[in-house]
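# Okay, structure incoming, though there's no sequence with it:
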């Protein structure tokens, strides 16, 4: 093994990677090590200009390829933290996710302690978040909420993917409390803060969508409005869970999260929505039944008319009647028409703004990496 390692040629990036804070015995990851990966390696200020720089895609591909299958639990957590930060970068996050989606994670082993199980749970969550990385990016950018109503069918699907990811994270709260009560290391706290940034950004985007919906649901297409109403109900369920998730910061010293001004629809608003959509569902159900009946009616008429023609043909064959005396009658078929609904999407101006998280910005919710 020694001889093998001695003759093995190590690339400059590989040497840099394994000598940096991601794989060393330090408590956390230095943000500068992650920034260098986002700039390509080696950087332009390197003294050795003869070494060709790697593209950012090559850096990401090598970083994923070089993740060891056997690692200490703390180092696994540092790798997961690095992945989470790279995935969330506004400029290059999408490129990183394209490389990361092929990573299968570490081999499953028996969970000997709670911290090891925590690393397994985080691996599962990171892989889930990678699948909705574009939604997370949108949630952290300052964008007009009215854009979400322009392609409402597609955005509803995106919101349900987002809600599934939120439910996965928030469903681990009891386990997180167990971990945080016994392991209050910096790396564990930073992973929690990264999760909080994603959770609150997704939640606030859903909140902006719901609040705009409350202003315009009566002008929306009824089928679409019912789908958004279901999102409203999901939002109501999520709110207390997100509040509890924020309180997990109390397990750590000097850990504060910026909670938003929690929005709570009034009792009157909720009751009005319930009554309105009960009536909409009744109307749509009755209309659907009526259309089915109307659709089947012409088929019945055609069947009866066809039988009549066959009977007349049989009778004409049994009688001697000149063709000149026979007059064919044309069949009259009923046709159905349905009225379409005009889709009017209200354009409001009171959209709240999300927070943009990027390395170049100084206005992060929290400093998730200690420099």
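Arrived safely, thanks for sending. Computed from a prediction, not measured in an experiment: that's the story for all the values here. Residues are numbered from 1 along each chain as shown.

# which stretches of the stretch 201-350 of the chain aren't confidently modelled?
Low-confidence segments of the stretch 201-350 of the chain, defined by pLDDT under 70, are located at 297-350.

# and with 50 instead?
Applying pLDDT under 50 to the stretch 201-350 of the chain flags the ranges 300, 302-350.

# Could you pull out the helices in it for me?
For the stretch 201-350 of the chain, the helices identified by DSSP state H, counting those that start in this stretch occupy 222-246, 267-318, in order along the chain.

# The protein - how does it break down into domains?
According to automatic domain parsing, the chain is divided into the following domains: 1-106+113-131, 146-290.

# any chance of the ones you listed in JSON lines, with mean neighbour count too?
Every residue, glycine included, has its C-beta placed from N, CA and C. As requested, the domains of the chain are exported to JSON lines (neighbours: other C-beta atoms under 10 Å):
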{"stretch": "domain 1-106+113-131", "mean neighbour count": "16"}
{"stretch": "domain 146-290", "mean neighbour count": "16"}
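
# Roughly how far does residue 239 sit from residue 173?
For residue 239, the distance to residue 173 under the criterion C-beta to C-beta, to the nearest Å works out to 14 Å.

# For the most centrally placed residue in the chain, what is the enclosing helix or strand?
Taking C-alpha atoms, centre = their mean as the criterion, residue 162 is the residue nearest the geometric centre of the chain, at 3.2 Å. For residue 162, the host element (DSSP states H and E) is helix 152-170.

# Over to residue 23?
Remark: residue 23 resides in no helix or strand, with elements defined by DSSP H and E.

# Surely residue 245 is in contact with residue 172?
No: the pair residue 245 and residue 172 does not pass the contact test of C-beta atoms under 8 Å, sitting 9.4 Å apart.

# Quick one: list the elements packing against the helix or strand where residue 128 lies.
Per DSSP H and E, residue 128 falls inside helix 114-131. In terms of contacts (3 or more C-beta pairs under 8 Å, 6 or more residues apart in numbering; DSSP states H and E), helix 114-131 is packed against helix 73-87, helix 152-170, helix 173-182, helix 186-216.

# is it possible to export those to a markdown table including distance to residue 36?
Output for those, formatted as a markdown table (distance: least, C-beta to C-beta, whole Å):
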| stretch | distance to residue 36 |
| --- | --- |
| helix 73-87 | 12 |
| helix 152-170 | 29 |
| helix 173-182 | 30 |
| helix 186-216 | 19 |
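
# returning to that earlier point: can you give me every residue that contacts the residue nearest to the centre of the chain?
For residue 162, the residues meeting the contact criterion (C-beta atoms under 8 Å, 6 or more residues apart in numbering) are 132, 135, 139, 202, 205, 206.

# ok, now which ones touch the second one?
Going by C-beta under 8 Å, 6+ apart, residue 135 touches 158, 161, 162, 202.

# Quick check: pLDDT value at the third one.
Turning to residue 162, the model gives it a pLDDT of 95.

# returning to what we had before: now the helix holding residue 128: average pLDDT?
94.

# Could you do stretch 59-75 as well?
Looking at stretch 59-75 alone, the average pLDDT works out to 93.

# on that earlier part again, now do the buried residues in the helix or strand just after the helix holding residue 128.
Per DSSP H and E, helix 114-131 leads on to helix 133-140 as the next helix or strand towards the C-terminus. When burial is assessed from 16 or more other C-beta atoms under 10 Å, helix 133-140 yields the following buried residues: 133, 135, 136, 137, 138, 139, 140.

# My read is that the fourth one contacts residue 94, right?
Right, the one you point to is residue 137. Yes: checked against C-beta under 8 Å, the pair residue 137 and residue 94 is within contact range at 7.5 Å.
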